[in-house]
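Colleague: Have a look; sequence and predicted model below, questions after that.
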Amino acid sequence: MRLSHIFWRQIAPLVFAVLASTTARANDVPLRTCIAPQARGQTVTEALAQPAGFICDQKQTRLGRGDFVTELRFAPVRAAVGDQLVLRTASVWQAAARIHYRYADGREWVLDVPAAIATKFVTIGAVLQYPVPPRDVALRSIVIETRDSANLRGVVAGARLMPTSDANRLKMELIALYSAFLGMALALIVYNLSLWTALRNRFQLYYSTMVAALAAYAFSSSGLLALAVPWIVNND
């Protein structure tokens, strides 16, 4: 089991260290996430007119399941020429989202994302990445309407606003990270099955099954499944 020892004692800590460093290096726009329940028939304008109803930077799960309005607050920002901004949020269970990009000149651009098409926005890391329409004026806020959120991990979890170049760099690093993990898992399975054919120790079959299950979980939870099968509904 020398290969297993090397993986858990040396390679796994390195993998998690790389993941932490890739998260820290991105040039995110500082965000403040504020959320409020949305009453039936209530518009975004009406919700934003009641600032006391929003909670900011707190645990969203305590609000329970339902419809919500989330405002991402930040200093007005413009994208660099040729490097548009993208909005990244964790993939969570919800029926639909409507994203309002609000600009300094008072105009807004709306993106509707029902669960049926959300998979096309999924990227590596089980993250939904939405393009921010480039304009000559600054982006002053983003408002997200969420329909029927399960709110098990949050409504708008892990929201990040960053340049496309940083998002692409982060994506490549995560691809390398997951490839290394899945490659090592495959090596462990082949190694232990090879030993089993010679030694016939039953625990090696159990170990191979455990590693295969772990690899399958990593494949599905990392967003790779959505990339491989893009026609599935994101909530599935």
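Modeller: Structure received. Quantities reported herein were computed from a predicted structural model and do not represent experimental measurements.

Colleague: going forward, measure contacts and count neighbours with C-alpha atoms only.
Modeller: Fine.

Colleague: which residues of the protein score low on pLDDT?
Modeller: 1-26, 235-236 (pLDDT under 70).

Colleague: contacting residues around the nearest residue to residue 189 once chain neighbours are set aside?
Modeller: Closest residue to residue 189 apart from its sequence neighbours, by CA to CA, 6 or more residues apart in numbering: residue 208 at 5.0 Å. Neighbouring residues of residue 208 by CA atoms under 8 Å, 6 or more residues apart in numbering: 188, 189, 192, 193.

Colleague: Which one of these sits in the busiest neighbourhood?
Modeller: residue 192 (22 neighbours; other CA atoms under 10 Å).

Colleague: Work out for me the element that one sits within.
Modeller: Using DSSP states H and E, residue 192 maps to helix 164-199.

Colleague: one step back: including distance to residue 70, could the contacts of residue 208 go into CSV?
Modeller: Output for the contacts of residue 208, formatted as CSV (distance: CA to CA, whole Å):
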residue, distance to residue 70
188, 44
189, 44
192, 49
193, 50
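
Colleague: Out of those residues, which comes closest to residue 170?
Modeller: residue 188 (27.0 Å; CA to CA).

Colleague: how far away is the closest one from residue 221?
Modeller: Note on residue 188: its distance to residue 221, by CA to CA, to the nearest Å, is 20 Å.

Colleague: what helices or strands is the helix holding residue 192 leaning on?
Modeller: Applying 3 or more CA pairs under 8 Å, 6 or more residues apart in numbering; DSSP states H and E, we find helix 164-199 packed against helix 12-25, strand 85-90, helix 202-221.

Colleague: List the residues that contact the residue nearest the centre of the chain.
Modeller: Centroid-nearest residue in the chain, with CA atoms, centre = their mean: residue 127, separated by 2.2 Å. Contacts for residue 127 (CA under 8 Å, 6+ apart) come out as 88, 89, 90, 91, 223.

Colleague: what comes up buried for the helix holding residue 192?
Modeller: Across helix 164-199, burial judged by 16 or more other CA atoms under 10 Å covers 164-167, 170-171, 173-175, 177-178, 181-182, 184-185, 188-189, 191-193, 196.
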